[in-house]
Every structure is written in C-alpha cells, then in structure tokens.
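Novice: Sequence and predicted structure are below.
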Amino acid sequence: AEYVAKNIQWTTCKDFTVERGRQQIEEYISTWEFHESWLHWSEFLCEEELTYSKMYHYRVLWSIPTRRKPIPQATASVYFIIEISKIKPDTFPVEVFFFLESSRLIFRPEHCRFREKWLKDIIINKLSLKQCL
C-alpha cells in the first residue's frame, strides 16, 4: 500500500495573517506521527519582502523533557516558510515549505511524510558534539 502524505487545507492569500499562519502550522503538525513525549513550541520569526511574493518565516522548536532533565540538553528546529504570491489571484492558497535545521532539503507538505527520526537524529548529533567538546 502506498502512503498518502497528510496535509491540511491551507488558507487563501487574502485571508492570511501571521497568527493564522502559525495556527495552520500547528494544525499541520497535528497530522504528523510522533511519540507523545515530544513537546514543541512555534513562533513567527520574520517577514521577507520579495519582488513577486512575501515570505513569512516560522520556527517550531522540538524537545523531549523528562522528569530527571526537565530542561532539555538539546533541541531540534523545523523551519516553515509561508509564501504569499503578489501575482497569483488572492483566492489561491498560500504556498508552504519546511526544512530541518540540519538540512538544505526543502519539503512541501503535500509531498512529504514527516519522520520522527529526523528530530532524533538532530538531537543525537548535538549531544554527541557536546561530548566531544
């Protein structure tokens, strides 16, 4: 059986707000499969004005706090970009992309299955680097 990427109905360009973008990122993340021990926090970073679009940048910070270590030793970030076209009709949906802090690979929600392993790998790499120092 072939996996179908889970996605949400993204807002139209005309209905977009910074807060609506953050809420929709949270809604999209709720379709991901990950263990309940993971906690995350999302924030708006900045707006970038381009010739034919505006880009809105967000960060979702992930960690696994425990009772023994409630302040995590390392975190993993997933960055989202919501693009609002200046040339397409404003009734079109926004374009959404995301990438991991340790990668240049850019994902599109409608074509990607999120892997919890990506977050684990980032944290493991950071912790192993700390041990080397």
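Specialist: The structure has been received and is ready for your questions. Residues are numbered from 1 along each chain as shown.
Novice: the strands in the chain, which residues?
Specialist: 39-49, 53-63, 76-85, 95-100 (DSSP state E).
Novice: ok, and what's touching the third one?
Specialist: Contacts to strand 76-85, defined as C-beta atoms under 8 Å, 6 or more residues apart in numbering, come from residues 13, 16, 21, 24-25, 45, 52-63, 92, 94-101, 118-119, 122-123. No exception for glycine: its C-beta is placed from N, CA and C like everyone else's.
Novice: run the last query once more with 6 Å
Specialist: 13, 16, 21, 25, 53-62, 94-101, 119, 122-123 (C-beta atoms under 6 Å, 6 or more residues apart in numbering).
Novice: orientation of it relative to strand 53-63 in degrees?
Specialist: Angle of strand 76-85 versus strand 53-63, following axes from the mean of the first three to the mean of the last three C-alpha atoms, to 10 degrees, is 160 degrees.
Novice: Name the strands paired with strand 76-85 and say parallel or antiparallel.
Specialist: Next to strand 76-85 in the sheet, as set by DSSP bridges, lie strand 53-63 (antiparallel), strand 95-100 (antiparallel).
Novice: follow-up on the earlier one: which one of the strands of the chain lies nearest to S128?
Specialist: Closest to S128 of the strands of the chain is strand 76-85 (C-beta to C-beta; 13.8 Å).
Novice: Would you indicate which residues of the closest one are buried?
Specialist: Residues A76, V78, F80, I81, I82, E83, I84 are the ones in strand 76-85 that count as buried (16 or more other C-beta atoms under 10 Å).
Novice: The third one bridge partners, please.
Specialist: Okay, so that is F80. Bridge pairing for F80 - DSSP bridges - gives Y58, F98.
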